[in-house]
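Asker: My questions are about this predicted structure, shown below with the sequence.
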Amino acid sequence: MPYIVLNFDNVNNSLQVGDIVYCSTNMTNLGGFNSTQVSNTNLIGPVTSIVNNTPLGWDITVNHNSLAPTPVPGEFISFVKDKTANTSSLVGYYANAKFVNNSKTKAELFSVGTEISESSK
């Protein structure tokens, strides 16, 4: 498969190598939100590298699915986590979490949840 490089000003902090990238086309404005049909969403391929080229932004290299059209500016790019690498809960006796708001505007966190089960005594 050929590789393509997608450039963004900013990316989601949880994006990692191995995540699967999708591209949605034919966006319409519905109630103030951009919307599209599921049939207009194409699998682009897995992320192979993530490079922060500040001040140019982020370069995301994707192993491009040759059956999918190449994304063009203005289309919506999304990603999903690789289920084979992200299937279990936290393991261990404790966990630390850090929440970062890297935007310049105020943001509120509505809810935080976790799944905890006792694994040893």
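Answerer: Structure's in. What do you need?

Asker: On the three-state scheme, the residue most central in space within the chain is what?
Answerer: Among the residues of the chain, the smallest C-alpha distance to the mean C-alpha position (Cα atoms, centre = their mean) belongs to Phe79, namely 3.8 Å. Secondary structure of Phe79, reduced to three states by DSSP: H, G, I helix; E, B strand; the rest coil: strand.

Asker: How confident was the prediction at it?
Answerer: Per-residue confidence for Phe79 comes out at a pLDDT of 92.

Asker: Bridge partners for it, pull those for me.
Answerer: Going by DSSP bridges, Phe79 is paired in beta bridges with Val21.

Asker: ditto for Asn7
Answerer: According to DSSP bridges, the partner residues bridging Asn7 are Asp59.

Asker: got a list of what it touches?
Answerer: Applying Cβ atoms under 8 Å, 6 or more residues apart in numbering, one finds that Asn7 lies in contact with Leu56, Gly57, Trp58, Asp59, Ile60. Where you see a C-beta, it was placed from the backbone N, CA and C, and this is true even at glycine.

Asker: how close does it sit to Ala97?
Answerer: Per Cβ to Cβ, to the nearest Å, Asn7 is found 30 Å from Ala97.

Asker: try Ile20
Answerer: Using Cβ to Cβ, Ile20 is found at 25 Å from Ala97.

Asker: Could you check which of these two is surrounded by more residues?
Answerer: Neighbours of Ile20 and Ala97, each counted by other Cβ atoms under 10 Å, are more numerous for Ile20; the result is 17 against 7.
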